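Engineer: what would the 3D arrangement of this be:
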Amino acid sequence: MNVIGINGSPRKGWNTDLLVREALEGAKSRGAETEQVHLYDMTFQGCTSCFACKRKDFVGLRRCAYADELLPVLNRILRCDALIIGSPIYIGEVSASTRAFIERLIYPCVTYRKDKSTFFEGSLPVMLIYAMNVSEAQIRENGYDSRFAFYEERFKRFFGGPVRTLTATETLQIDDYNKYEMPMFDEAARKKRREEVFPLDLQKAFDMGADLIPATH
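Structural biologist: Predicted coordinates for the structure are as follows:
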């Protein structure tokens with residue numbers, strides 16, 4: 001089995017990247033082959049509304065037709081056995097590159113048939129990972145939970161597989177808060193949480209990544 005992990009953060013070696021890596025390690029522990037993709041290493045854009053993926057004369061598997069650096073990744077995802085997507089939350093949403101990626105991945109699956117069916121054939125399990133500086137309580141207060149539910153619904157609807165979500169909250173943002181104008185954050189508390197709570201988030205990512213692969217595999 002093949003599992004692809006998408007890092008939608010521009011910061012390698014930080015929260016989102018580490019969580020995606022650990023989820024991939026979980027899948028690897030069950031014998032899967034894994035690949036990690038860093039969106040910010042590539043030059044691409046969101047859907048251009050060219051409608052090429054909706055043409056009646058489209059031959060083969062429905063996919064995005066816009067040729068840029070993201071296209072080969074999208075094609076590999078359509079053939080993989082499970083997908084992991086990780087993104088930081090910026091101003092209440094996934095990162096810009098993650099959003100552009102999701103547009104390009106999902107829109108070719110969208111049909112305008114009356115039954116609102118999907119062009120995707122099969123069942124693709126998806127794991128969604130979000131890293132953010134807000135607390136668990138603030139997820140609900142700020143309406144983030146409705147956004148996370150929205151993405152879960154879209155992936156279930158268009159890819160037909162189970163979707164699970166992992167949230168890592170109150171994450172460490174920088175090494176030295178004294179260098180930045182960020183007085184609302186308690187550096188000591190954040191670093192303590194990094195040492196005590198973030199390892200638990202990494203373990204959850206590992207376990208959820210392993211669960212993407214059937215035990216009989």
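
Engineer: in stretch 99-116, what counts as buried?
Structural biologist: 100-110 (16 or more other Cβ atoms under 10 Å). (Each C-beta comes from the backbone N, C-alpha and C, glycine too.)

Engineer: point to the residue nearest the middle of this structure.
Structural biologist: Centrality entry for the chain: nearest residue to the mean C-alpha point is Ile85, 1.8 Å, by Cα atoms, centre = their mean.

Engineer: show me the shaky parts of the protein.
Structural biologist: 59-60, 215-217 (pLDDT under 70).

Engineer: could you rerun that using 80?
Structural biologist: Within the chain, the ranges that satisfy pLDDT under 80 run 59-62, 116, 215-217.

Engineer: so for the residue nearest to the centre of the chain, what's the nearest residue that isn't a sequence neighbour?
Structural biologist: Spatial nearest neighbour of Ile85, chain neighbours left out: Ile6 (4.6 Å); criterion: Cβ to Cβ, 6 or more residues apart in numbering.

Engineer: please save the CA atoms from the helix or strand where that neighbour lies in PDB.
Structural biologist: Taking DSSP states H and E as the definition, Ile6 sits inside strand 2-7. Output in PDB follows, covering the C-alpha atoms of strand 2-7 (Å, rounded to 0.1, in the frame of the first residue of the first chain):
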ATOM      1  CA  ASN A   2       1.100   3.500  -0.700                       C
ATOM      2  CA  VAL A   3       0.400   6.500   1.500                       C
ATOM      3  CA  ILE A   4       1.100  10.100   0.600                       C
ATOM      4  CA  GLY A   5       1.500  12.900   3.200                       C
ATOM      5  CA  ILE A   6       1.100  16.500   2.300                       C
ATOM      6  CA  ASN A   7       2.800  19.200   4.400                       C
END
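
Engineer: list the buried residues of the strand or helix carrying the residue nearest to the centre of the chain.
Structural biologist: Secondary-structure assignment from DSSP H and E places Ile85 in strand 82-90. Going by neighbour count (16+ other Cβ under 10 Å), the buried part of strand 82-90 is 82-89.

Engineer: cool, stretch 132-151 as well?
Structural biologist: Applying a neighbour-count criterion of 16+ other Cβ under 10 Å, one finds 132-134, 139, 144, 147-148, 151 buried in stretch 132-151.

Engineer: then stretch 174-192?
Structural biologist: Buried residues in stretch 174-192 (16+ other Cβ under 10 Å): 177, 190.

Engineer: please compute how far the strand holding Ile6 lies from its chain's middle.
Structural biologist: 9 Å (Cα atoms, centre = their mean, to the nearest Å).

Engineer: and stretch 19-35, by the same measure?
Structural biologist: Using Cα atoms, centre = their mean, the offset of stretch 19-35 from its chain centre is 14 Å.

Engineer: name the helix or strand for Glu69, please.
Structural biologist: Per DSSP H and E, there is no helix or strand for Glu69.

Engineer: what's the burial count for it?
Structural biologist: Using other Cβ atoms under 10 Å, Glu69 has 11 neighbouring residues.
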